[in-house]
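[1] what's the 3D shape of this:
(3 chains)
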Amino acid sequence: MDNLKEKMDMDSPVFLAFCTYATIVILKMMMMSFMTAFFRFSRGAFANLEDVADKPAEERKKMIKADPDVERVRRCHQNDLENIIPFVVIGLLYSLTGPDLSTALIHFRVFAASRILHTVAYVCPLPQPSRALTWMIGMVVTFSMAYRVLTTASYL
Amino acid sequence: MDNLKEKMDMDSPVFLAFCTYATIVILKMMMMSFMTAFFRFSRGAFANLEDVADKPAEERKKMIKADPDVERVRRCHQNDLENIIPFVVIGLLYSLTGPDLSTALIHFRVFAASRILHTVAYVCPLPQPSRALTWMIGMVVTFSMAYRVLTTASYL
Amino acid sequence: MDNLKEKMDMDSPVFLAFCTYATIVILKMMMMSFMTAFFRFSRGAFANLEDVADKPAEERKKMIKADPDVERVRRCHQNDLENIIPFVVIGLLYSLTGPDLSTALIHFRVFAASRILHTVAYVCPLPQPSRALTWMIGMVVTFSMAYRVLTTASYL
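    Numbering: from 1, shown residues only, chains lettered A, B, ... in the order given. Predicted coordinates for the structure are as follows:
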């Protein structure tokens, strides 16, 4: 416990590394918004009538539709929400448990790489199991960090 | 203010308890991904053509569909995103405002229990108002913590 | 680096301001759940059969539908998840990099205002580009904070 207290300090290379990689994966997730907007405009597929108000009246209704490419990007974005946010939350707590810098860096780097490759595999799309594998690797990293948090800092 | 400064310390039983319960509810949320995958395979209902590439060509198109059980699990997952993430964010700030350990533990335990029961009520499904009640209890816990954060640490 | 270490302290007006604004935008996001529930009941459009179990048997099936107003509120809620959570994560790390209080307050206030106006523009709805503008302003605030995090605390 005392050992833990010493390590729970916001001021460490591990925490700096966490800041960097958390920011990178969150920025990657935010990029999906722009990709959705790009596909909505290029495919002419919108979700709201006010978004097509400058189009000719007879075309407006037709442009409120679900396009396969738009939906694919949105599923990828949703998968990011479901996986990157748990990484950020558990990664923050993990980086406060005082792991070795090298171990922490492996976790953060593997996760960031797996999510970037997941997006490539989803949007292209690449044949399975590329997407399933990249998703699973990210999951395993988060579970590994959660295991350390629960074994180091548990207070039920 | 000085009192607050003293209490805003990452090194306390309250913060350890927060780490534990935040990790538990995030892991519970991540379990929904596996439950979605399980229902997708058992119901034969997928979202992407590349996920059914190993199936006979004539069956592939039919397997790209929305199955009621899959959609139910996905709504449950979405509800977790909408409720567990606010809990984690506000719970982190709350645990830095120096609440009594016993008060904090009540908040964390009631929230964790309410979300686990919410999932049971949603996926089974149990008759209403079981799901509405478990959802509301989780909401009230988060509001109670947000009230303490805003009254203790407010700086507009 | 030493300078950074000094500034990375949970006990500062910047961090208090972050607590306040993060709580405000998260509460705003949670309000969308209640707005969804309100529209579901007023429009008679539900997602689950158990939610309409007290209605006459012949009406139940008809009430499981997607209503345009409900879907609009849900898209607004989804947009909040996609934008407010990145703000909270990057804002937390940003507030630990020791920015000027006045600069930090500008970031937090502009973001909170932009998201509240975004909701108004989305739900009313107001003519475009009001929604696109409020969304973009929030994005720019988060990017500006991410830039500071990556330039101040980067450790790849």
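[2] For residue A:46, what are phi and psi?
    In terms of degrees, to the nearest 10, the main-chain angles of residue A:46 are phi -120, psi 170.
[3] contacting residues around the residue of chain A found nearest chain B?
    In chain A, the residue that lies nearest chain B is residue A:155 (4.0 Å; CB to the nearest CB). The way it works is simple: take the backbone N, C-alpha and C, and place the C-beta from them, glycine included. Residues counted as contacts of residue A:155 (CB atoms under 8 Å, 6 or more residues apart in numbering or on different chains) are B:13, B:16, B:17, B:19, B:20.
[4] quick one: the third one from chain A, how far?
    Looking back up the chat, that one is residue B:17. Counting by CB to the nearest CB, to the nearest Å, the separation of residue B:17 from chain A is 4 Å.
[5] Setting the sequence-adjacent residues aside, check what's closest to that residue.
    residue A:155 (4.4 Å; CB to CB, 6 or more residues apart in numbering or on different chains).
[6] for the one you found, helix, strand, or coil?
    coil (DSSP: H, G, I helix; E, B strand; the rest coil).
[7] Roughly how far does it sit from residue A:136?
    Residue A:155 is 30 Å from residue A:136, where distance means CB to CB, to the nearest Å.
[8] Residue A:115 too?
    Using CB to CB, residue A:115 is found at 12 Å from residue A:136.
[9] got it, and residue A:94?
    Taking CB to CB as the criterion, residue A:94 is separated from residue A:136 by 19 Å.
[10] can you list the residues of chain A near chain B?
    A:5, A:8-10, A:72, A:75, A:81-83, A:85-86, A:89-90, A:93, A:96, A:125-128, A:131, A:139, A:142-143, A:146, A:149-150, A:153-156 (CB under 8 Å from any CB of the partner chain).
[11] helix or strand right after the longest helix belonging to chain A?
    Longest helix in chain A, counting residues (DSSP state H): helix A:13-43. Using DSSP states H and E, the helix or strand that follows helix A:13-43 in sequence is helix A:57-63.
[12] could you check the angle helix B:68-95 makes with the helix or strand that that next one is followed by?
    Using DSSP H and E, the next helix or strand after helix A:57-63 towards the C-terminus is helix A:68-95. Relative orientation of helix A:68-95 and helix B:68-95, computed by axes from the mean of the first three to the mean of the last three CA atoms, to 10 degrees: 40 degrees.
[13] about what we covered before: please identify which of residue A:94 and residue A:136 sits among more neighbours.
    More neighbours surround residue A:94 than the other of residue A:94 and residue A:136, with 29 against 13 (other CB atoms under 10 Å in any protein chain shown).
[14] my guess is that one contacts residue A:147, does it?
    No - contact between residue A:94 and residue A:147 fails when scored by CB atoms under 8 Å: they sit 9.4 Å apart.
[15] okay, now the closest residue to residue A:69 other than its chain neighbours: neighbour count?
    Distances taken as CB to CB, 6+ apart place residue A:39 nearest to residue A:69, at 5.0 Å, with adjacent residues excluded. Residues lying near residue A:39 (other CB under 10 Å) number 20.
[16] who touches residue A:39 in this structure?
    Going by CB under 8 Å, 6+ apart, the list of residues near residue A:39 reads A:45, A:67, A:69, A:70, A:73.
[17] quick check, nearest of those residues to residue B:33?
    Within the contacts of residue A:39, proximity to residue B:33 (CB to CB) peaks at residue A:73, which comes in at 18.8 Å.
[18] so what's that closest one up against?
    So residue A:73 contacts A:32, A:35, A:36, A:39, A:123 (CB under 8 Å, 6+ apart).
[19] List only those of the residues you listed flagged as buried.
    A:32, A:35, A:36, A:39, A:123 (16 or more other CB atoms under 10 Å in any protein chain shown).
[20] Leaving out sequence neighbours, find the closest residue to the first one.
    To tie it back to what came earlier, the one meant is residue A:32. With CB to CB, 6+ apart as the criterion, residue A:32 has its nearest non-adjacent residue at 3.8 Å, and that residue is residue A:77.
[21] Same question for residue A:104.
    Nearest residue to residue A:104 in three dimensions, chain neighbours excluded: residue A:14, at 4.6 Å (CB to CB, 6+ apart).
[22] okay, now that neighbour: neighbour count?
    24.
[23] Could you check the pLDDT of it?
    Confidence at residue A:14, expressed as pLDDT, is 90.
[24] low pLDDT regions in chain A?
    Residue ranges of chain A with pLDDT under 70: A:1-11.
[25] Swap in 90 and give it another go.
    A:1-13, A:44-66, A:96-98, A:126-128, A:152-156 (pLDDT under 90).
[26] Next to chain C, which bits of it? Give me the list.
    Counting by CB under 8 Å from any CB, chain A sits next to chain C at A:10-11, A:13, A:15-17, A:19-20, A:22-24, A:26-27, A:29-30, A:32-33, A:47-48, A:50-51, A:53, A:77, A:81, A:85, A:88.
[27] and these, which are buried?
    For those, a neighbour count by 16+ other CB under 10 Å gives the buried set as A:15-17, A:19-20, A:22-24, A:26-27, A:29-30, A:32-33, A:47-48, A:50-51, A:77, A:81, A:85, A:88.
[28] could you dump the contacts of residue A:39 to TSV with distance to residue C:111?
    Converted to TSV, the contacts of residue A:39 look like this (distance: CB to CB, whole Å):
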residue	distance to residue C:111
A:45	29
A:67	30
A:69	30
A:70	27
A:73	24
